[in-house]
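[1] sequence and computational prediction follow.
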Amino acid sequence: MTKIALVTGAARGIGLATTKLFLELGWQVAMIDRDLPALDSASADLTGAQKFYCDVSIPAEVEATLPAVLKHFGQIDALINNAGVADFGPIEDTNFTRWRTVMETNLDGVFLMTQATIPALRQSRGAVVNIASISGLRASTLRVAYGTSKAAVIQLTKQQAVELGEYGIRANCVCPGPVRTKLAMAVHTQDIIDAYHDAIPLNRYGSEREIAEVIVFLASDKASYVTGQIIAADGGFDSTGVGLPALRH
Ligand code: NAD
């Protein structure tokens, strides 16, 4: 039977690459995004994908979207909580509005989407894959809201795995390293780009496809005994300590 993935933030970047990989493997995909023009153009020539306009941070929109997805596809086998926003700034400059804007999408959105999808995932004994970040594993400057939201997603994944396991639902988390998407390029200055290259053992940014491969694996039956795991797809960044740039030079 054809499997159905629901991918949030599917209009571009990692979400779009994940959508395309699912389609290549014979899945069908519910593409969710709040950027209507981007979603229209991204989904236009994708056979097997259906677009749904939804802001995952707004409870009423989430509540309205899940029945629409189920009406169209009849089932959901995997939920990919990928939609995210980035806003880098010093703690003193991060006012409550900026903090909430990051939390609303990155944390509330994952909570709301997963809660709303549980009945369908119980039926399919399906999987949740949450997209956090290396910024949720390692602290750095300017990421008070972003890094904290992603660390919370890591903990939320473990909560989901523990509670939803008895329904046969798996929940795992992918922590991407830097990828040249619109989100990253808006907050990565040239200094940050250079520093990442230096500090990453593989010495480069990742591609959207490399992150998608890990997401799709965790969503698939190949990972049928894997739940509650946090997987960094980060070129080794999470493993490094001091000294790598010095050795390199
Ligand atoms: P992107 O900006 O290219 O794409 C994000 C998509 O999510 C956009 O289409 C946007 O419209 C959508 N979106 C944002 N908020 C939404 C909301 N509330 N409701 C519905 N849709 C929403 O970003 P990306 O780099 O592909 O990021 C995807 C995920 O990967 C994010 O969770 C991000 O935090 C994470 N991530 C990215 C990087 C990186 O370097 N690019 C690194 C680590 C983690």
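    Ah, there it is.
[2] may I have the longest helix along the chain as CSV, with CA atoms only?
    As assigned by DSSP state H, the longest helix anywhere in the chain is helix 144-164. Output of helix 144-164 as CSV, limited to C-alpha atoms (Å, rounded to 0.1, in the frame of the first residue of the first chain):
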residue,chain,number,x,y,z
VAL,A,144,19.3,32.2,22.7
ALA,A,145,15.9,31.7,21.1
TYR,A,146,16.8,29.4,18.2
GLY,A,147,19.1,27.1,20.1
THR,A,148,16.8,26.9,23.1
SER,A,149,13.8,26.1,20.8
LYS,A,150,15.8,23.3,19.2
ALA,A,151,17.0,21.9,22.5
ALA,A,152,13.4,21.8,23.5
VAL,A,153,12.5,19.9,20.3
ILE,A,154,15.1,17.3,21.3
GLN,A,155,13.5,16.8,24.7
LEU,A,156,10.0,16.8,23.1
THR,A,157,11.1,14.0,20.8
LYS,A,158,12.1,11.9,23.7
GLN,A,159,8.8,12.6,25.5
GLN,A,160,6.9,11.6,22.3
ALA,A,161,8.9,8.4,21.9
VAL,A,162,8.3,7.4,25.5
GLU,A,163,4.6,8.1,25.5
LEU,A,164,3.6,7.2,22.0
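[3] that one: which residues count as buried?
    For helix 144-164, the neighbour count (16 or more other Cβ atoms under 10 Å) marks 144-154, 156-158, 160-161, 164 as buried. Glycine gets a C-beta too; all of them are placed from N, C-alpha and C.
[4] that helix near the ligand at all?
    No. Helix 144-164 lies apart from the ligand when judged by Cβ under 6 Å from any ligand atom; the minimum separation is 6.8 Å.
[5] same for that helix, what does it pack against?
    Helix 144-164 sits against helix 96-103, helix 109-124, strand 127-131, strand 170-176, strand 230-233, with contacts defined as 3 or more Cβ pairs under 8 Å, 6 or more residues apart in numbering; DSSP states H and E.
[6] just how off-centre is it within its chain?
    12 Å (Cα atoms, centre = their mean, to the nearest Å).
[7] list of residues touching that helix?
    Applying Cβ atoms under 8 Å, 6 or more residues apart in numbering, the external contacts of helix 144-164 come out as 81, 86-91, 94, 98-99, 102-103, 106-107, 110-111, 114, 118, 121, 128, 130-133, 135-137, 139-140, 169-173, 175, 227-230.
[8] now, of these, which are buried?
    81, 86-89, 94, 99, 102-103, 106-107, 110-111, 114, 118, 121, 128, 130-133, 135-137, 169-173, 175, 227-228, 230.
[9] ok, which residues in the chain are in contact with the ligand?
    8-9, 11-15, 33-35, 38, 55-57, 82-86, 105, 109, 131, 133, 176, 178-179, 181-184.
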